[in-house]
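A.B. asks: need a structure here:
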Amino acid sequence: MRPIAEMGTRVKVMVMAGTLLGLFTAAMDQTVVGTSMPRVIADLGGFGLYPWVGTGFMLASTTTVPIVGKLTDIYGRKPFYMAGIFVLLLGSALSGMSQNIEQLIAFRVVQGLGAGMIMGIAFAIVGDVFTPAERGRWAGLMSGVFASASVLGPLIGGSLTDHVGWRWVFYVNLPLGALALAVLFFGMPHVRPLSRPKLDYRGIFLLVATVVPMLLAFSWAGSRYDWVSPQIIGFLGWSAAGLAIFTYAELRTEEPLLPMSLFRDRVFTVSALVTLITGFAMFGSLFYIPLFVQGVTGSSATNSGLVTMPMMIAMAIASATAGQIMSRVGRYRLLGLTGMLAMVAGMYLLSTMDVASTRGDATRYMIVLGAGLGMSMPLFMLAVQNAVPYRLMGISTSTMQFLRSVGGTMGVAIMFSLIHSHYNAGLRQNIPAGVQDPGLVGALKDPQFLLNEPAFQRIQQSFLALGDQGQTLFDQTMFAVRQSLASAIADAFFVAIFVLGAACVVGLFMKDVPLRRAHYLAEEGAAPAPAAGQGVAAAAADATSVAGLPAGKAGAAPALRPIVGGANGGGAAAHPLARAGPFALLAVALGLVALILLRAGRRS
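C.D. replies: Sure thing, here's the model as predicted:
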């Protein structure tokens, strides 16, 4: 069977329609649930296990992404993408039927497995359909899927919870997912790879053993446990040891899960580091900008998706524009650096906000940050797909997705620790002297009460019970709370400036490789063009393929170099500075963040 890229326009349209429907289903699943969780916990109980509803989903989805990426390189995309949608729908249906919190956690893990499979494959399918020079035009559409889901998800979730019931939050994706399955089943051809290398089971086990404790550490650090607690240090130490063992094993595996040779490619290495760092900025800002807008400025938004809507729209528009420019020019280095500089500028503007800032100020600054994210985020994914062999499309693409998720988990955790520490330090300085009740002071230590109307009302009633001065004292305290929160969030954004600055310096090492107008690198060969007078059908038959790899005589596989970095691999030497420079700069940036966290811990 011919590769999808060589098929007609109708096939390509059907493939992309099914892919985007599946991607939208997964994105909606991640955003539609949040607004209903208070009602879910009130109905099912088990408040102490509430964090595991999100943690279980995150662990399953993030860990699945790189594994399924490799599986699609071996067995093809279609069966795993359809399986991912089916598993997601199965988990959604089961979650809606949950009778207790334990069942909900288990079924959310099932959902996470499906979402991870979808996220890990969707962008690789785009690589199957279009050549690197054409893929940029689709970047805006892919970003638009996430933008629309981030806005529509919470709106739909809140409406269903209020008017129908929280269980329909999980059922709402079933028709959309079923439509995606139907489109893919009838419209997407199953292109099977020519060769079937042995699956690296040892690599899968070691990757899971490395990733899970790392994600748990960043999820719990600063909230459930201190950063220097035995639990967090133990998890991080376990993860570091697992990473060392995983790297050692992959270097000695014939067909590794994650070929270490990819990191010898400057484009892949720089893109991986930049993706990790921009994930830090993206998820950290998306998580805490709504807290500033609703908590400090007092703006009433029905959901956090509406608060960040300007940022998401700017991201989608910038992504589409940058993709068009990238496809037309065939270069990306300057665009990437421009996007990262715009991110630094946006983060700087956000760091200047204070208690007097308005929602209009936050909106303008979010647009700048969103434009920078939109220009840079998909660009590095496309650069990687352009640089790696087609047979490594799945694992290289899913690795970028995985690193973005890990960076986001790190960003939320680190920024939470900074905000929590600085907020409590500022509250101790700004709170009126008349507020002495330990219970009342304790209630003020979590600024989330500003977003929770019942909790806000309870605190107000506690102040009013103090007598004639209660309302005045309440107003003074609320100003102190908002002032402390504004300063804390601005400080966290200020730290993020230096992290993004490190990403800009790492981006300087990017190698500007012209975008290919064919799917395959030179060592993979290329499908022959029709000779003069040769029919299209004859040319296609002569090219032959089952995974986009051209067949030689009698259908034999073309001679490909072994995977560099495996047991039989070697590689071209690179300049030591070009190879080690990005890692050294990232280590310096992480060291600065660690120092800031330790100082923040002492302040709290």
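
A.B. asks: Show me what counts as buried in the helix or strand containing residue 383.
C.D. replies: Using DSSP states H and E, residue 383 sits in helix 359-387. By 16 or more other CB atoms under 10 Å, the buried positions in helix 359-387 come out as 359, 361-363, 365-387. Every C-beta, even on glycine, is put in place using the N, C-alpha and C of the backbone.

A.B. asks: cool, and stretch 199-212?
C.D. replies: Result for stretch 199-212 [16+ other CB under 10 Å]: buried residues 200, 202, 203, 204, 206, 207, 208, 209, 210, 211, 212.

A.B. asks: any idea how far residue 328 is from residue 322?
C.D. replies: 11 Å (CB to CB, to the nearest Å).

A.B. asks: Please say which of those two ends up with more neighbours.
C.D. replies: It is residue 322, of residue 328 and residue 322, that has more neighbours when counted by other CB atoms under 10 Å, with 27 against 12.

A.B. asks: Three-state assignment for that one, please.
C.D. replies: State at residue 322, reduced to three classes by DSSP: H, G, I helix; E, B strand; the rest coil: helix.

A.B. asks: same question, residue 435
C.D. replies: coil.

A.B. asks: Would you confirm that it contacts residue 473?
C.D. replies: Yes. Here residue 435 reaches residue 473: they are 6.6 Å apart, a contact under CB atoms under 8 Å.

A.B. asks: ok, back up a step: which is the succeeding secondary structure element to the helix holding residue 383?
C.D. replies: helix 393-430.

A.B. asks: immediately after that next one, which helix or strand?
C.D. replies: Past helix 393-430, the next helix or strand by DSSP H and E is helix 438-444.

A.B. asks: Need the mean per-residue confidence for the helix or strand just after that following helix.
C.D. replies: As assigned by DSSP H and E, the chain's next helix or strand after helix 438-444 is helix 453-464. Mean pLDDT, helix 453-464: 82.

A.B. asks: So for helix 453-464, what gets flagged as buried?
C.D. replies: 459, 460, 463.

A.B. asks: So which elements touch that helix?
C.D. replies: helix 438-444, helix 470-507 (3 or more CB pairs under 8 Å, 6 or more residues apart in numbering; DSSP states H and E).

A.B. asks: Contacts for it, please.
C.D. replies: Counting by CB atoms under 8 Å, 6 or more residues apart in numbering, helix 453-464 makes contact with 437, 440, 443, 444, 448, 449, 450, 470, 471, 473, 474, 477, all of which sit outside it.

A.B. asks: one more time with 6 Å
C.D. replies: With contacts defined as CB atoms under 6 Å, 6 or more residues apart in numbering, helix 453-464 is touched by 440, 443, 449, 470, 473, 474.

A.B. asks: just to revisit the earlier point, if we take the buried residues of stretch 199-212, which one ends up nearest to residue 402?
C.D. replies: For the buried residues of stretch 199-212, the minimum distance to residue 402 (CB to CB) is 8.2 Å, reached by residue 211.

A.B. asks: Residue 240 versus the residue nearest to that closest one when sequence neighbours are not counted, what's the distance?
C.D. replies: In space, and not counting its chain neighbours, residue 211 is closest to residue 63: 5.0 Å by CB to CB, 6 or more residues apart in numbering. According to CB to CB, residue 63 and residue 240 sit 17 Å apart.

A.B. asks: And the two? Which one has more around it.
C.D. replies: It is residue 63, of residue 63 and residue 240, that has more neighbours when counted by other CB under 10 Å, with 22 against 13.

A.B. asks: Look up how far residue 220 lies from the more buried one.
C.D. replies: From residue 63 to residue 220 the distance is 17 Å (CB to CB).

A.B. asks: and the closest residue to residue 97 other than its chain neighbours, how many residues sit next to it?
C.D. replies: With CB to CB, 6+ apart as the criterion, residue 97 has its nearest non-adjacent residue at 7.4 Å, and that residue is residue 167. Here the number of neighbours of residue 167 (other CB under 10 Å) works out to 18.

A.B. asks: same check, this time on residue 452
C.D. replies: 13.

A.B. asks: of the contacts of helix 453-464, closest to residue 193?
C.D. replies: Of the contacts of helix 453-464, the one sitting nearest to residue 193 (CB to CB) turns out to be residue 449, at 54.5 Å.

A.B. asks: what does stretch 41-56 rub up against?
C.D. replies: Outside stretch 41-56, the residues touching it (CB under 6 Å, 6+ apart) are 100, 101, 105, 108, 109, 219.

A.B. asks: residues in contact with residue 440?
C.D. replies: By CB under 6 Å, 6+ apart, the contact set of residue 440 is residue 462.

A.B. asks: mind checking how far it is from residue 432?
C.D. replies: 11 Å.

A.B. asks: what's the answer for residue 156, then?
C.D. replies: 42 Å.

A.B. asks: more crowded one of these two?
C.D. replies: Higher neighbour count among residue 156 and residue 432: residue 156, with 21 against 15, using other CB under 10 Å.

A.B. asks: Which element, helix or strand, includes that one?
C.D. replies: helix 139-163.

A.B. asks: ok so, going back, export the contacts of stretch 41-56 to TSV and append columns for pLDDT and distance to residue 349.
C.D. replies: TSV is the format used below for the contacts of stretch 41-56 (pLDDT from 0 to 100; distance: CB to CB, whole Å):
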residue	pLDDT	distance to residue 349
100	89	46
101	87	41
105	90	39
108	92	36
109	93	39
219	84	29
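
A.B. asks: Could you list which of those residues belong to helices?
C.D. replies: Counting by DSSP state H, the members of those that fall within helices are 101, 105, 108, 109, 219.

A.B. asks: Out of those, grab the one that's most surrounded.
C.D. replies: Of the ones in helices among the contacts of stretch 41-56, with other CB under 10 Å as the count, residue 108 tops at 28 neighbours.

A.B. asks: neighbours around the spatially closest residue to it that is not a sequence neighbour, how many?
C.D. replies: Once flanking residues are discounted, residue 108 sits nearest to residue 57: 4.6 Å by CB to CB, 6+ apart. Neighbourhood size, residue 57 [other CB under 10 Å]: 25.

A.B. asks: which regions of the stretch 401-550 of the chain sit below the pLDDT cut-off?
C.D. replies: By pLDDT under 70, the low-scoring segments of the stretch 401-550 of the chain are 519-550.

A.B. asks: should've said the chain
C.D. replies: Using pLDDT under 70, the flagged stretches of the chain are 1-3, 5-6, 47-48, 194-196, 299-305, 519-604.

A.B. asks: repeat that with 50
C.D. replies: For the chain, the stretches flagged by pLDDT under 50 are 526-579, 600-601, 604.

A.B. asks: quick check: domain ranges of it?
C.D. replies: The record's domain split for the chain, according to automatic domain parsing, is 1-187, 260-516.

A.B. asks: JSON lines please, covering those domains and showing distance to residue 245.
C.D. replies: What follows is these, written out as JSON lines (distance: least, CB to CB, whole Å):
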{"stretch": "domain 1-187", "distance to residue 245": "16"}
{"stretch": "domain 260-516", "distance to residue 245": "13"}
